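Chemist: model the following, please.
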Amino acid sequence: MWTTETIVAILREAGAEHGYWTQDQWIQARRKPTVVTVKCVCGSWSAAWNAAGYPPMRRRRWTRQAVLNTLARVGQERGQWLTMKEWRAGGFQPSVQTVRHHFGRWRTAWEAAGFTLPNHRFVRQGTWTRDRVLHTIRQHARPDGTIMNTEDWYHEKLQPTLDTIIRICGPYAQTVQTLGLVVVSDYEWRRRARQADWHRAFHVLTEQLGHRPSRREWDTWADRPIDSRRIPDSALPFERTRGRLYDILRTLDLRRIADPTEREWARRYIAGETLEAIGRDAGVTRERIRQRLQRAIRAYIR
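Modeler: I've put the predicted structure just below:
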């Protein structure tokens, strides 16, 4: 049975470690007694913490002058006044509701902070002009003449907002096209940059070896890019290897292979012909050619 003294003692112990706990923090930590029990026994959550010697932290009360100071500071940092939508997107405080509670209108608050707002109903929504929007978009372009897509622009919370761009300049794709830019997502741009790094490294290794490297030579190269370990074979023009059978046959003296047919097959295979081509001429399958050559190697070794 929970009593007020027991609950207050538990809250004091928790407060010594963490300070005041909100109800959400207490629920997420799954502490006992539950929030409902504390309220039923002590009357309220705040009363219980007051009895434990940890009065709840009060939220900041925004005064009219504090609101004006915040608007003036943000406006000076941005170089312009912000619309309600831009204010919310930026996560600024106080909230739009608090500002309108003190001044009645969003426009009135900014004018009281020392900013002059145009009277035209469309321009009043922000101070963005077409030239300024185009200049800002051009600043976000990449050195290779590409720019992020609308999803990346929205995710990065860039200014002006997409709604502002569309309202002033038209569709985003057409706007960036007029600037001579190409829309490429951040993911695709990073993928292309990685592939370019791989090809540059592949060229360096080719010059060091004097020939196109195989996949094995690439994987064992100490200076290869870190993120290129699991690239697909089709990503780079690797030198195709013939496999273990080819490597063994190259080391043998073919004159010592007893069977003349197998000796001829081995010679043609080392010369560059495929097992399929050899089997087609002999009227057998590729697998049969491979088995006969392996048998010839075992006989050679014995």
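
Chemist: show me the contacts for E151.
Modeler: Applying C-beta atoms under 8 Å, 6 or more residues apart in numbering to E151 gives the contacts S185. For glycine as for every other residue, the C-beta is placed from the backbone atoms N, C-alpha and C.

Chemist: look up the pLDDT of it for me, please.
Modeler: Reading off the confidence values, E151 has pLDDT 90.

Chemist: so which helix or strand takes in it?
Modeler: helix 150-155 (DSSP states H and E).

Chemist: dump that helix to CSV, restricted to CA.
Modeler: Extracted in CSV, the C-alpha atoms of helix 150-155 (Å, rounded to 0.1, in the frame of the first residue of the first chain):
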residue,chain,number,x,y,z
THR,A,150,13.2,18.9,-54.1
GLU,A,151,13.2,16.1,-51.5
ASP,A,152,16.8,17.0,-50.5
TRP,A,153,16.0,20.7,-50.4
TYR,A,154,13.1,20.1,-48.1
HIS,A,155,15.1,17.7,-45.9
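
Chemist: check which residues of that helix are buried.
Modeler: Across helix 150-155, burial judged by 16 or more other C-beta atoms under 10 Å covers 150, 152-153.

Chemist: closest one to I301 out of those, please.
Modeler: D152 (61.3 Å; C-beta to C-beta).

Chemist: the closest one reaches V184, doesn't it?
Modeler: No. Assessed by C-beta atoms under 8 Å, D152 is found out of contact with V184, at 9.5 Å.

Chemist: need the buried residues of helix 150-155 in a markdown table (columns: distance to D259).
Modeler: Shown next, in a markdown table, are those (distance: C-beta to C-beta, whole Å):
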| residue | distance to D259 |
| --- | --- |
| T150 | 69 |
| D152 | 65 |
| W153 | 70 |
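
Chemist: quick check, nearest of the residues you listed to L117?
Modeler: Using C-beta to C-beta, the buried residues of helix 150-155 come closest to L117 at W153, 25.9 Å.

Chemist: since that was my last question, I'll sign off now.
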